[in-house]
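[1] Here is a sequence together with a model predicted from it:
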Amino acid sequence: MTDRFGRTINYLRISVTDRCNLRCTYCMPPEGIPLRTHSEMLTYDEIAAFSTLAMTKGINKIRITGGEPLVRKGIENLIAMLAANDGVIDLSLTTNGQLLEEKAAQLKSAGLQRINISLDTLDPEQYRIITRGGTLSPVLAGIRAAQRVGLEPIKINCVINAAHREEQKEALRQFAHTEGLSLRFIHQMSLNKGTFSKVEGGSGGDCAQCNRLRLTADGKLKPCLFSDIEYDIRTMGYVEALESAVEHKPLKGARNPSGSFYGIGG
Ligand code: SAM
(Lines give C-alpha, C1' and ligand atoms only; values in the text may rest on other atoms or scores of the structure.)
Protein backbone atom coordinates (compact mmCIF):
# COMPACT_ATOMS: atom_id res chain seq x y z
CA MET A 1 0.00 0.00 0.00
CA THR A 2 1.29 3.44 -0.92
CA ASP A 3 -0.16 6.59 0.59
CA ARG A 4 -0.70 9.88 -1.23
CA PHE A 5 2.77 11.10 -0.20
CA GLY A 6 4.47 8.05 -1.72
CA ARG A 7 5.17 6.29 1.57
CA THR A 8 4.93 2.51 1.52
CA ILE A 9 2.73 1.32 4.40
CA ASN A 10 3.81 -2.13 5.53
CA TYR A 11 3.83 -1.96 9.34
CA LEU A 12 0.86 -2.59 11.64
CA ARG A 13 1.02 -2.08 15.40
CA ILE A 14 -1.73 -3.81 17.31
CA SER A 15 -2.69 -2.88 20.85
CA VAL A 16 -4.36 -5.87 22.47
CA THR A 17 -5.41 -4.17 25.70
CA ASP A 18 -5.15 -0.80 27.38
CA ARG A 19 -4.77 -2.41 30.80
CA CYS A 20 -1.34 -2.34 32.35
CA ASN A 21 0.30 -3.78 35.45
CA LEU A 22 2.42 -0.63 35.89
CA ARG A 23 1.48 3.05 36.16
CA CYS A 24 4.46 4.82 34.55
CA THR A 25 4.30 8.51 35.38
CA TYR A 26 4.63 9.59 31.73
CA CYS A 27 2.03 7.15 30.44
CA MET A 28 -0.87 6.46 32.82
CA PRO A 29 -2.76 8.33 35.51
CA PRO A 30 -2.00 7.03 39.04
CA GLU A 31 -5.53 5.72 39.51
CA GLY A 32 -5.41 3.70 36.28
CA ILE A 33 -8.01 4.03 33.53
CA PRO A 34 -11.70 3.20 33.06
CA LEU A 35 -11.88 -0.42 31.98
CA ARG A 36 -13.42 -1.33 28.68
CA THR A 37 -16.13 -3.96 28.59
CA HIS A 38 -15.26 -7.34 27.16
CA SER A 39 -17.48 -6.81 24.13
CA GLU A 40 -15.73 -3.55 23.21
CA MET A 41 -12.43 -5.36 22.81
CA LEU A 42 -11.52 -7.04 19.55
CA THR A 43 -11.32 -10.80 19.94
CA TYR A 44 -8.20 -12.66 18.82
CA ASP A 45 -10.20 -13.99 15.87
CA GLU A 46 -11.07 -10.44 14.80
CA ILE A 47 -7.48 -9.25 15.18
CA ALA A 48 -6.18 -12.22 13.19
CA ALA A 49 -8.82 -11.77 10.47
CA PHE A 50 -8.05 -8.07 10.10
CA SER A 51 -4.30 -8.79 10.05
CA THR A 52 -4.75 -11.43 7.36
CA LEU A 53 -6.60 -8.91 5.22
CA ALA A 54 -3.92 -6.28 5.90
CA MET A 55 -1.22 -8.78 4.89
CA THR A 56 -2.90 -9.39 1.54
CA LYS A 57 -2.62 -5.62 0.98
CA GLY A 58 1.08 -5.37 1.85
CA ILE A 59 1.47 -5.36 5.63
CA ASN A 60 4.43 -7.63 6.42
CA LYS A 61 5.58 -6.30 9.77
CA ILE A 62 3.45 -6.60 12.93
CA ARG A 63 4.13 -5.48 16.49
CA ILE A 64 1.91 -6.40 19.43
CA THR A 65 1.63 -3.75 22.12
CA GLY A 66 -0.74 -2.38 24.76
CA GLY A 67 -1.35 -1.34 27.61
CA GLU A 68 0.70 -4.32 28.66
CA PRO A 69 0.18 -7.10 26.09
CA LEU A 70 1.32 -9.87 28.43
CA VAL A 71 -1.60 -9.19 30.81
CA ARG A 72 -4.10 -10.26 28.13
CA LYS A 73 -4.94 -13.92 28.66
CA GLY A 74 -3.67 -16.34 26.03
CA ILE A 75 -1.57 -13.76 24.16
CA GLU A 76 0.59 -16.62 22.84
CA ASN A 77 -2.50 -17.91 20.99
CA LEU A 78 -2.78 -14.63 19.08
CA ILE A 79 0.94 -14.77 18.30
CA ALA A 80 0.49 -18.28 16.90
CA MET A 81 -2.47 -17.15 14.76
CA LEU A 82 -0.45 -14.27 13.31
CA ALA A 83 2.74 -16.30 12.85
CA ALA A 84 0.83 -18.92 10.86
CA ASN A 85 0.41 -16.40 8.03
CA ASP A 86 3.22 -16.44 5.44
CA GLY A 87 2.67 -12.72 4.90
CA VAL A 88 4.35 -11.74 8.16
CA ILE A 89 8.12 -11.46 7.90
CA ASP A 90 8.65 -9.56 11.16
CA LEU A 91 6.57 -10.36 14.26
CA SER A 92 7.51 -8.54 17.45
CA LEU A 93 6.07 -7.41 20.78
CA THR A 94 6.67 -4.50 23.15
CA THR A 95 6.43 -5.23 26.88
CA ASN A 96 7.38 -3.80 30.24
CA GLY A 97 8.92 -7.21 30.99
CA GLN A 98 7.11 -7.78 34.28
CA LEU A 99 5.60 -11.10 33.12
CA LEU A 100 8.20 -11.99 30.53
CA GLU A 101 10.12 -14.59 32.48
CA GLU A 102 7.09 -16.88 32.64
CA LYS A 103 5.90 -16.11 29.09
CA ALA A 104 9.12 -16.00 27.02
CA ALA A 105 9.28 -19.68 26.06
CA GLN A 106 5.57 -19.83 25.11
CA LEU A 107 5.88 -16.68 23.03
CA LYS A 108 8.93 -18.00 21.22
CA SER A 109 7.37 -21.34 20.41
CA ALA A 110 4.19 -19.59 19.24
CA GLY A 111 6.31 -17.83 16.59
CA LEU A 112 7.24 -14.48 18.11
CA GLN A 113 10.54 -13.41 16.57
CA ARG A 114 11.84 -10.56 18.69
CA ILE A 115 10.97 -8.32 21.58
CA ASN A 116 11.28 -4.74 22.81
CA ILE A 117 11.43 -4.22 26.56
CA SER A 118 10.74 -0.90 28.26
CA LEU A 119 13.29 -0.10 30.93
CA ASP A 120 14.00 3.47 32.00
CA THR A 121 16.54 2.90 34.77
CA LEU A 122 18.60 0.17 36.46
CA ASP A 123 18.14 1.74 39.87
CA PRO A 124 15.42 -0.23 41.75
CA GLU A 125 14.26 2.82 43.71
CA GLN A 126 14.06 5.02 40.60
CA TYR A 127 12.24 2.20 38.82
CA ARG A 128 9.70 2.05 41.64
CA ILE A 129 9.16 5.82 41.41
CA ILE A 130 8.87 5.99 37.60
CA THR A 131 6.51 3.00 37.39
CA ARG A 132 4.59 4.02 40.56
CA GLY A 133 5.31 0.86 42.52
CA GLY A 134 6.92 -1.54 40.05
CA THR A 135 9.78 -3.91 40.89
CA LEU A 136 12.88 -3.97 38.73
CA SER A 137 14.03 -7.58 39.26
CA PRO A 138 11.27 -9.29 37.17
CA VAL A 139 12.28 -7.15 34.17
CA LEU A 140 15.90 -8.27 34.46
CA ALA A 141 14.73 -11.88 34.79
CA GLY A 142 12.53 -11.33 31.73
CA ILE A 143 15.49 -10.05 29.70
CA ARG A 144 17.49 -13.17 30.64
CA ALA A 145 14.55 -15.40 29.70
CA ALA A 146 14.23 -13.66 26.32
CA GLN A 147 17.95 -14.20 25.73
CA ARG A 148 17.68 -17.86 26.74
CA VAL A 149 14.87 -18.67 24.34
CA GLY A 150 16.29 -16.54 21.51
CA LEU A 151 13.72 -13.73 21.23
CA GLU A 152 16.36 -11.62 19.56
CA PRO A 153 17.45 -8.98 18.79
CA ILE A 154 16.27 -7.56 22.13
CA LYS A 155 15.72 -3.81 22.12
CA ILE A 156 15.49 -1.78 25.29
CA ASN A 157 13.24 1.28 25.12
CA CYS A 158 14.18 3.96 27.61
CA VAL A 159 11.97 7.03 27.92
CA ILE A 160 14.02 10.03 28.98
CA ASN A 161 13.07 13.49 30.14
CA ALA A 162 14.85 16.46 31.65
CA ALA A 163 14.94 14.74 35.05
CA HIS A 164 16.87 11.76 33.70
CA ARG A 165 20.37 11.84 35.10
CA GLU A 166 23.34 11.10 32.86
CA GLU A 167 24.61 8.36 35.19
CA GLN A 168 21.35 6.44 34.78
CA LYS A 169 21.69 6.63 31.01
CA GLU A 170 25.32 5.57 31.22
CA ALA A 171 24.43 2.59 33.45
CA LEU A 172 21.89 1.49 30.83
CA ARG A 173 24.44 1.91 28.03
CA GLN A 174 26.93 -0.28 29.92
CA PHE A 175 24.28 -2.89 30.70
CA ALA A 176 23.11 -2.99 27.07
CA HIS A 177 26.69 -3.31 25.85
CA THR A 178 27.55 -6.15 28.25
CA GLU A 179 24.32 -8.03 27.57
CA GLY A 180 24.34 -7.52 23.79
CA LEU A 181 21.08 -5.54 23.80
CA SER A 182 20.24 -2.65 21.56
CA LEU A 183 19.28 0.48 23.50
CA ARG A 184 17.06 3.32 22.28
CA PHE A 185 16.42 6.55 24.10
CA ILE A 186 12.93 7.92 23.47
CA HIS A 187 12.30 11.51 24.46
CA GLN A 188 9.17 11.80 26.56
CA MET A 189 6.34 12.96 24.33
CA SER A 190 2.90 14.41 24.83
CA LEU A 191 0.22 13.39 22.35
CA ASN A 192 -2.17 16.06 23.60
CA LYS A 193 0.36 18.90 23.41
CA GLY A 194 1.88 17.61 20.20
CA THR A 195 5.45 17.31 21.45
CA PHE A 196 7.27 14.57 19.64
CA SER A 197 10.75 13.82 18.47
CA LYS A 198 12.71 11.21 16.60
CA VAL A 199 13.69 8.12 18.55
CA GLU A 200 17.46 8.00 19.09
CA GLY A 201 18.63 4.76 17.47
CA GLY A 202 15.15 3.94 16.11
CA SER A 203 12.84 4.91 13.27
CA GLY A 204 9.95 6.40 15.29
CA GLY A 205 9.05 10.05 14.95
CA ASP A 206 10.35 10.44 11.38
CA CYS A 207 7.15 11.36 9.53
CA ALA A 208 8.74 11.33 6.06
CA GLN A 209 9.66 7.66 6.54
CA CYS A 210 6.54 6.59 8.46
CA ASN A 211 5.27 3.20 7.30
CA ARG A 212 2.85 2.56 10.21
CA LEU A 213 -0.78 2.03 10.96
CA ARG A 214 -2.05 1.37 14.49
CA LEU A 215 -5.00 -0.72 15.61
CA THR A 216 -6.40 -0.11 19.09
CA ALA A 217 -7.78 -2.82 21.34
CA ASP A 218 -11.33 -1.62 20.58
CA GLY A 219 -10.89 -1.74 16.83
CA LYS A 220 -9.95 1.80 15.81
CA LEU A 221 -7.43 1.96 12.98
CA LYS A 222 -5.21 5.03 13.28
CA PRO A 223 -3.00 6.30 10.49
CA CYS A 224 -0.93 8.60 12.75
CA LEU A 225 -0.05 8.58 16.45
CA PHE A 226 -0.15 12.38 16.56
CA SER A 227 -3.61 12.79 15.01
CA ASP A 228 -7.07 11.82 16.24
CA ILE A 229 -8.15 10.46 12.84
CA GLU A 230 -9.37 6.90 13.23
CA TYR A 231 -11.52 4.36 11.41
CA ASP A 232 -13.60 1.77 13.21
CA ILE A 233 -12.88 -1.60 11.60
CA ARG A 234 -16.07 -3.14 13.01
CA THR A 235 -18.52 -0.53 11.80
CA MET A 236 -16.79 0.39 8.52
CA GLY A 237 -15.61 -3.07 7.57
CA TYR A 238 -11.99 -4.14 7.35
CA VAL A 239 -11.29 -3.20 3.72
CA GLU A 240 -12.84 0.24 3.88
CA ALA A 241 -11.20 1.09 7.20
CA LEU A 242 -7.81 0.01 5.87
CA GLU A 243 -8.16 1.91 2.62
CA SER A 244 -9.39 5.04 4.43
CA ALA A 245 -6.51 4.95 6.92
CA VAL A 246 -3.93 4.75 4.14
CA GLU A 247 -5.71 7.38 2.04
CA HIS A 248 -5.97 9.87 4.91
CA LYS A 249 -2.60 9.28 6.55
CA PRO A 250 -1.36 12.80 7.37
CA LEU A 251 1.93 14.05 5.95
CA LYS A 252 3.08 14.95 9.46
CA GLY A 253 1.91 14.39 12.99
CA ALA A 254 0.48 17.41 14.83
CA ARG A 255 -1.38 16.58 18.03
CA ASN A 256 -3.80 13.98 19.25
CA PRO A 257 -6.14 15.69 21.75
CA SER A 258 -7.96 12.49 22.70
CA GLY A 259 -5.11 9.97 22.39
CA SER A 260 -3.02 8.22 25.02
CA PHE A 261 0.08 6.03 24.85
CA TYR A 262 -1.56 3.30 26.91
CA GLY A 263 -4.56 3.32 24.54
CA ILE A 264 -2.63 3.35 21.28
CA GLY A 265 0.49 1.50 22.34
CA GLY A 266 3.25 3.91 21.38
N1 SAM B 1 3.42 -1.92 28.31
C2 SAM B 1 4.34 -2.03 27.22
C3 SAM B 1 5.62 -1.31 27.54
O4 SAM B 1 5.77 -0.82 28.64
O5 SAM B 1 6.49 -1.28 26.68
C6 SAM B 1 3.79 -1.60 25.87
C7 SAM B 1 2.95 -0.35 25.78
S8 SAM B 1 3.83 1.15 26.05
C9 SAM B 1 2.52 2.33 25.90
C10 SAM B 1 4.72 1.29 24.54
C11 SAM B 1 5.87 2.26 24.54
O12 SAM B 1 5.37 3.57 24.69
C13 SAM B 1 6.86 2.03 25.66
O14 SAM B 1 8.17 1.90 25.17
C15 SAM B 1 6.71 3.28 26.50
O16 SAM B 1 7.89 3.61 27.13
C17 SAM B 1 6.30 4.30 25.45
N18 SAM B 1 5.68 5.49 26.01
C19 SAM B 1 4.65 5.57 26.87
N20 SAM B 1 4.38 6.85 27.19
C21 SAM B 1 5.27 7.60 26.51
C22 SAM B 1 5.51 9.00 26.43
N23 SAM B 1 4.78 9.90 27.11
N24 SAM B 1 6.50 9.42 25.63
C25 SAM B 1 7.25 8.53 24.93
N26 SAM B 1 7.08 7.21 24.97
C27 SAM B 1 6.10 6.74 25.75
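    Received it, and whenever you're ready, just let me know what you need.
[2] For this protein, which segments are assigned as helices?
    With helices called from DSSP state H, the chain shows them at 44-56, 75-83, 100-110, 124-130, 137-149, 166-179, 233-236, 238-247, 261-264.
[3] Mind telling me which of those helices the model trusts least?
    Ranked on mean pLDDT, the bottom entry among the helices of the chain is helix 261-264, at a mean of 92.
[4] hmm, back to that, looking at the helices of the chain, which one is packed in the most?
    helix 261-264 (a mean of 23; mean count of other CB atoms under 10 Å). C-beta here means a position set from N, CA and C on the backbone, and glycine is covered the same way.
[5] Quick one: distance of that one to the chain centre.
    On the basis of CA atoms, centre = their mean, to the nearest Å, helix 261-264 sits 9 Å off its chain's mean C-alpha point.
[6] what does that helix rub up against?
    With CB atoms under 8 Å, 6 or more residues apart in numbering as the test, helix 261-264 has contacts from 15, 18, 20, 26-28, 33, 66-67, 189, 191, 214, 216-217, 222, 225, 256.
[7] I'd like to know which residues of the stretch 1-150 of the chain are adjacent to the ligand.
    Where the stretch 1-150 of the chain comes near the ligand, counting by CB under 6 Å from any ligand atom, the residues are 20, 26-27, 65-66, 68, 94-96, 118.
[8] Generate a PyMOL selection restricted to the buried subset of those residues.
    In PyMOL syntax, the buried subset of these is picked out as below (16 or more other CB atoms under 10 Å):
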select buried, resi 20+27+65+66+68+94+95+96+118
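[9] quick one: which of the residues of the stretch 1-150 of the chain next to the ligand sit in strands?
    Taking DSSP state E, the ones among those that sit in strands are 65, 94-95, 118.
[10] Please produce TSV containing those, extended by pLDDT.
    Listed next are those as TSV, based on pLDDT from 0 to 100:
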residue	pLDDT
Thr65	98
Thr94	98
Thr95	98
Ser118	98
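[11] quick check: mean pLDDT across stretch 223-231?
    96.
[12] if I look at the residue of the chain positioned farthest from its centre, how far off is the ligand?
    Checked against the mean C-alpha position of the chain, the extreme residue using CA atoms, centre = their mean is Glu167, at a distance of 26.8 Å. Using CB to the nearest ligand atom, to the nearest Å, Glu167 is found at 20 Å from the ligand.
[13] just Thr2 next, same as before
    Note on Thr2: its distance to the ligand, by CB to the nearest ligand atom, is 27 Å.
[14] what sits against that residue?
    Per CB under 8 Å, 6+ apart, neighbours of Thr2: 8-9, 246.
[15] same question, Ile115
    Residues near Ile115 by CB under 8 Å, 6+ apart: 92-95, 100, 107, 146, 151, 154-155.
[16] Adding distance to Asn85, write those out as TSV.
    Formatted as TSV, the contacts of Ile115 follow (distance: CB to CB, whole Å):
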residue	distance to Asn85
Ser92	15
Leu93	16
Thr94	20
Thr95	22
Leu100	24
Leu107	17
Ala146	23
Leu151	19
Ile154	24
Lys155	23
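[17] For the residues you listed, work out which two are farthest apart.
    Leu107 and Lys155 (15.2 Å; CB to CB).
[18] Can you tell me how far Thr17 is from Gln98?
    Distance check for Thr17 against Gln98: by CB to CB, to the nearest Å, it reads 14 Å.
[19] which residues are in contact with both of those two?
    Joint contacts of Thr17 and Gln98 (CB under 8 Å, 6+ apart) are Glu68.
[20] Pro30 reaches Arg132, doesn't it?
    Yes. With contact defined as CB atoms under 8 Å, Pro30 and Arg132 form a contacting pair (5.9 Å).
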